[in-house]
Structures are given as structure tokens and as C-alpha cells.
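>>> give the three-dimensional model of this entry:
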Amino acid sequence: MENKRVYGIDVGGTTVKIGLFEDGKLLRKWSVPTDISDGGKNIVPDIAASLPGPADGAAMAVPGAVLPDGTVNRCVNLGWGVCRPAETFAALTGIPCRVLNDANAAALGEQRQGGGQGYENVLFVALGTGVGAGVVLDGKVRAGAHGAAGEIGHLCLEPEDAQAKCTCGLTGCLETYCSATGIVRLAALAGRPGMSCKAVFDAAAAGDGAMEAVVDRSCDLLGRGLASACALIDPEAVVLGGGVALAGEFFRAKVQAAFRRYAFHACAATPIRQASLGSDAGFIGSALYAMEPGR
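Residues are numbered from 1 along each chain as shown. Coordinates of the predicted model:
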């Protein structure tokens, strides 16, 4: 969609980030609060009211599973059940809109303009309060039949660990060890309750043996999970984003080493890279999705 204006929209639990693009260039970005009252019914109208003018298209990233026909299958953090927010947006604004999962949007942003730039096949993993991921193969986001492609956070790695209860209802999911909340949980089990994720990494980097053991366990399991994912989709690169990845090279190098321990030999050289777009990745990826031909 060259020489066209599009909106990229990233709906988060507290803030909606929006960018206006023309011919692929960002003209302006802004945000509006996410109003989750009344089942989140005001979210899309608030987005529509914030737009500075018409556009040729838009795409909206949401924190939930998105089916191929654009149906959103619940966004618990927004108060949404099964709904079709792109249709609501189009009815309010007259702007054609598509919808995709937020991790998939960030994956597309990082693949095209961030840490995965130069690769057509990328696994993007967002390590924050939870663990999400997006898959880009042959330059296209792949959401899967149920909108669940890339849910690496719910790989069940340690099903016998009764202390690792996941929000999904399973036990021993990767998310319970490798998210920020998972790392804080491991630190508490190691006798350091109340530490933040950043404090755990700072202590580990400073030579605190107990906290380095926590970080090593988290990185070992993440490396194992990434090795499993790469054996299935064989990306050219894995890109790590989210707050946990801000631990930088100390963290990335440990994950890379763990990945090599577990990876199938044909995938063992796959580089683990750091994301570079930060919190802008979602709305940038949404805009790129809106600009794709045939959308």
C-alpha cells in the first residue's frame, strides 16, 4: 500500500499506542488510556476519537488469540470476550481495519525494522509479565488455525514441578520460569522474596551465586524451549524482547549457550538476537500489516 496513510494501533492493558504512517514513514505517534470499564466497550471508540483524520487502512494489535476471520477469542486483560473489534473500528471511522495478535504485530515490526531485520524467517519472543511470541515465516506473520501459533510460553517443560502453577491452568510452563514474574518466583524460592526481576539480574551480574543460579535456571529452560520451537519452525534468527531482555548481553549470552546445548544440530547456529524497537514494535508491526498488499 505505497503512498497511502495507515494507522498502526497496539492495544495494551493500560495504554493504547497509535502511529500514523504515510508511505511507510511515521508521521506522528501518540497514546490514549485503555478504559477497561464496562467490559472494555469504550476502548475502540476512544481510539477512533483520537485519530487526527481519515486514512486508507489500519491494523489493530490486541492481547489475545485472533482467528483467521478476524474474530478475537477473548482478551482477558481488556475485559473482551469473543468479539470483532476491527469491524467496530471500521464502522466508527470508515477506515478498513484488520486485527492481529500483539506478539505477532511486534514480531513483524522487529522482523522488518528491528532486531530481525535482514531475515525472512524470525521467531520473536516477548519476555515480560508473561511470555508471548510471534512467528514470521517467508516474511509473513503466521498465526495458525486457532490464532495460537507462537505460544511458546505455554510449552509444558516441567510438568512435575507442583510449585510452577501457570495462569493457563497447566503446571511447569516455560512462562513460570522465564517471565519477569517467573524469575521473581524462582528468587523467592531461593530465599530472596520481594526482589524485582531487574534486581535479580543485577545481583547475578555482580557475582551473587544464589541469584546467578536463578538466572541460569531460567536461561537454561528458555534455551530448551527455544530449541524445541526452532526444531519445528527453523527460523533464521530468534529475537528476544520485553522487559526481561533488557538485562542485555549478560542474559542473551546465557540463553544462546543454553540453546546450543539443546538445539537440533541443523538449528544450533541460529543466532539469538535482542529486539531494538522497544514498546514501539507493536504499532509499527500493525502498520506494516495494514500496508501489506492484498490485505
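>>> per-domain residue ranges of this structure.
What automatic domain parsing lists as the domains of the chain is 5-105+279-291, 118-276.
>>> SS state for the residue positioned nearest the centre of the chain?
In the chain, the residue lying closest to the centroid (CA atoms, centre = their mean) is residue 103, at 3.1 Å. Put simply, residue 103 is helix when judged by DSSP: H, G, I helix; E, B strand; the rest coil.
>>> want to try CSV for the domains of the chain, with mean pLDDT and distance to residue 111 as columns?
Every residue, glycine included, has its C-beta placed from N, CA and C. Below are the domains of the chain laid out as CSV (pLDDT from 0 to 100; distance: least, CB to CB, whole Å):
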stretch, mean pLDDT, distance to residue 111
domain 5-105+279-291, 95, 8
domain 118-276, 96, 4
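>>> any chance of those domains in JSON lines, with distance to residue 112 too?
JSON lines is the format used below for the domains of the chain (distance: least, CB to CB, whole Å):
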{"stretch": "domain 5-105+279-291", "distance to residue 112": "6"}
{"stretch": "domain 118-276", "distance to residue 112": "8"}
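>>> number of residues surrounding residue 140?
Other residues lying near residue 140 total 14 when counted by other CB atoms under 10 Å.
>>> ignore the last one, residue 195
18.
>>> swap in residue 247?
Residues lying near residue 247 (other CB under 10 Å) number 24.
>>> quick one, what contacts the nearest residue to it once chain neighbours are set aside?
Nearest non-adjacent residue to residue 247, counting by CB to CB, 6 or more residues apart in numbering: residue 201, 4.3 Å away. By CB atoms under 8 Å, 6 or more residues apart in numbering, the contact set of residue 201 is 183, 211, 215, 247, 250-251.
>>> which of the residues you listed count as buried?
In terms of neighbour count (16 or more other CB atoms under 10 Å), the buried residues within these are 183, 211, 215, 247, 251.
>>> and the host helix or strand of the second one, what does it pack onto?
Pointing back at residue 211 there. Assigned by DSSP states H and E, residue 211 belongs to helix 209-233. Judged by 3 or more CB pairs under 8 Å, 6 or more residues apart in numbering; DSSP states H and E, helix 209-233 is in contact with strand 122-127, strand 131-137, helix 175-178, helix 180-189, helix 197-205, helix 249-262.
>>> nearest to residue 278, of those?
strand 122-127 (11.4 Å; CB to CB).
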